[in-house]
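S.K.: sequence? don't have it. structure:
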């Protein structure tokens, strides 16, 4: 029997495929099982068209058998089989897809999944095999044939006896090396793992002989012995390994909450039920099914570089990518789940997408769906939403800030901040709905905690006049608000900014102007003492009980702290304005020192007030020794 040669182009492609196209050797089993599923679909479609052959869909199956002694792995199916000519065309010419031809020549119904497109998946088996034998008998034919090849050197075809229609592929695995353990593909646990990982939702049963154990009966006398150890008999039984029908293909009404929860915990290794399950079936330019889960607990590595976002991507029930990052924006990276679509353009290895046009279209719809479901949770189950927000709200705020605020408008209704008046988390919409008629801005204050912010001198006047203040306790908070800039045409304004937009009565305004004018020389003297530490010193309109505070122009003190804490933060300085309470006893002490021309005491007072303002802001004092010395000298 003469050996036939692959075409020259096919030889090069085979070598390229074995060494380059497939990056993961375990993919070979997925490809062969997918081809077997295609073969069954073809036979099922053919016999439906011709009036049936007495076989129901349940009568079709794929079988896996491992022989460790012979180092062979056999994959067989009762699909359509191949004639001699089809063997020659499909296996003799690499990248000639019989499945693609079948789809193009037949009006294939929607419930027939022809997975193969490129005709190269079969050859991935050469990554793990030194010899491949294909025995096949075509539906409607009396003859059977055997194709055999050891790789690029060529192949042989001969006629054989085979009773049943279908195809049997026998792989003789390569010998193990120091770098590669090919024997693992003969182990039951490894085959189970690969089938469940890549082919769990192939619509036909994938069956395999699996090892079972049954206890050997023992007498009461034997059980009573100190060294008694239970004995077991081992036997083998055929078992269906795959699930066949994906849970996401079922109607939601046919699946219980417990089934969804168990699927989530098993697939995504979580011990807790998800906070929310989202099932989506979309038909249109790009059709897909999606099953999404919002975790109820934060993954241990979520806020670390090790965490990898992404949804599992399936094509007709076959796993293509375990983490398709393009399906989720970073700010929704907490979502787990999967997408299954027949409309994907895959490359010839099916390991990655050939183009991402379809994925972009799906991702846009997924993003809108997630936003819609979160808003629905916020409106209908506030307690559950607040529990979710406690876990993942920080990521939403980062999403508002990143990419120069490009996504801030999308996320503005999902974020929440603690309210000074409501004593709980509120949305921007809720805040704006309660704003006073004369209120120009949405006020916010930044600090390490709610408790510390509540004691800030800058918010005294606002709270006394009944204005609501949002508390920002995370480093990213102010950056997120600055990225959004406005909500419902209301600008965000820090309580530490110089201008709070609050109109004074005409009487109060005149009194303030008069006091400012009266003490302008004192303010100038204090500014001269503090030099470039501040851009101005002024009498405060916001302080009531505290003697001093900072306000700023441009970036805030909180931003200064955050930016300077970054590895490449540099030396960022906010433009500080020292505000002094003109009604506080300290101010009278300042006036006395100024009027007595006691420059030394005035400098001590100025330095102490500046350091006090720093302490209030939670910032380090520049010279602790001088601060301590000034206090001691003024006490005696």
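M.R.: Ah, there it is. For clarity, every value in this text was computed on a predicted model and none was experimentally measured.
S.K.: isn't residue 412 right next to residue 487, touching?
M.R.: Yes - under the criterion of C-beta atoms under 8 Å, residue 412 makes contact with residue 487 at 6.1 Å. (Glycine included, C-beta is placed from N, CA and C.)
S.K.: Find the residues that touch each one of these two.
M.R.: Here residue 412 and residue 487 have residue 428 as joint contacts, going by C-beta atoms under 8 Å, 6 or more residues apart in numbering.
S.K.: How about residues contacting stretch 48-63?
M.R.: Contact partners of stretch 48-63, identified using C-beta under 8 Å, 6+ apart, comprise 33, 36-37, 40, 43-44, 47, 74-79, 106, 139, 202-208.
S.K.: measure it end to end?
M.R.: Across stretch 48-63, the terminal residues are separated by 23 Å (C-alpha to C-alpha, to the nearest Å).
S.K.: Now do the buried residues in that stretch.
M.R.: For stretch 48-63, burial by neighbour count (16 or more other C-beta atoms under 10 Å) applies to 60, 61, 62, 63.
S.K.: on that earlier part again, among the contacts of stretch 48-63, which ones are in strands?
M.R.: Taking DSSP state E, the ones among the contacts of stretch 48-63 that sit in strands are 74, 75, 76, 77, 205, 206, 207, 208.
S.K.: From residue 456, how far out is residue 361?
M.R.: Taking C-beta to C-beta, to the nearest Å as the measure, residue 361 falls 48 Å from residue 456.
S.K.: Over to residue 386?
M.R.: Going from residue 386 to residue 456 by C-beta to C-beta gives 25 Å.
S.K.: Kindly report the same for residue 297.
M.R.: In this view, residue 297 and residue 456 are 33 Å apart by C-beta to C-beta.
S.K.: quick one, which of these two is more surrounded?
M.R.: Taking neighbours as other C-beta atoms under 10 Å, residue 297 and residue 456 compare with residue 456 leading, 20 against 14.
S.K.: just checking, the more buried one touches residue 613?
M.R.: No - Residue 456 is beyond contact range of residue 613, at 11.3 Å (criterion: C-beta under 8 Å).
S.K.: Quick check: neighbours shared by the two?
M.R.: In contact with both residue 456 and residue 613: residue 549, using C-beta under 8 Å, 6+ apart.
S.K.: Please enumerate the helices of the stretch 1-150 of the chain.
M.R.: Assigned by DSSP state H, counting those that start in this stretch, the stretch 1-150 of the chain shows helices spanning 8-16, 27-49, 84-92, 98-105.
S.K.: Tell me where the model's unsure across the chain.
M.R.: For the chain, applying pLDDT under 70 flags the ranges 1-2, 6-23, 52-53, 92-120, 345-355, 568-570, 636.
S.K.: ok, 80 please
M.R.: The chain contains residues with pLDDT under 80 at 1-23, 49-55, 91-121, 152-153, 316, 343-356, 503-505, 508, 564-571, 634-636.
S.K.: which residues in the stretch 351-500 of the chain form strands?
M.R.: 417-419, 425-426, 441-446, 469-472, 486-487, 490-494 (DSSP state E, counting those that start in this stretch).
S.K.: Pipe those strands into a markdown table and attach distance to residue 324 and mean neighbour count per row.
M.R.: Formatted as a markdown table, the strands of the stretch 351-500 of the chain follow (distance: least, C-beta to C-beta, whole Å; neighbours: other C-beta atoms under 10 Å):
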| stretch | distance to residue 324 | mean neighbour count |
| --- | --- | --- |
| strand 417-419 | 33 | 19 |
| strand 425-426 | 32 | 19 |
| strand 441-446 | 37 | 24 |
| strand 469-472 | 34 | 23 |
| strand 486-487 | 33 | 16 |
| strand 490-494 | 36 | 18 |
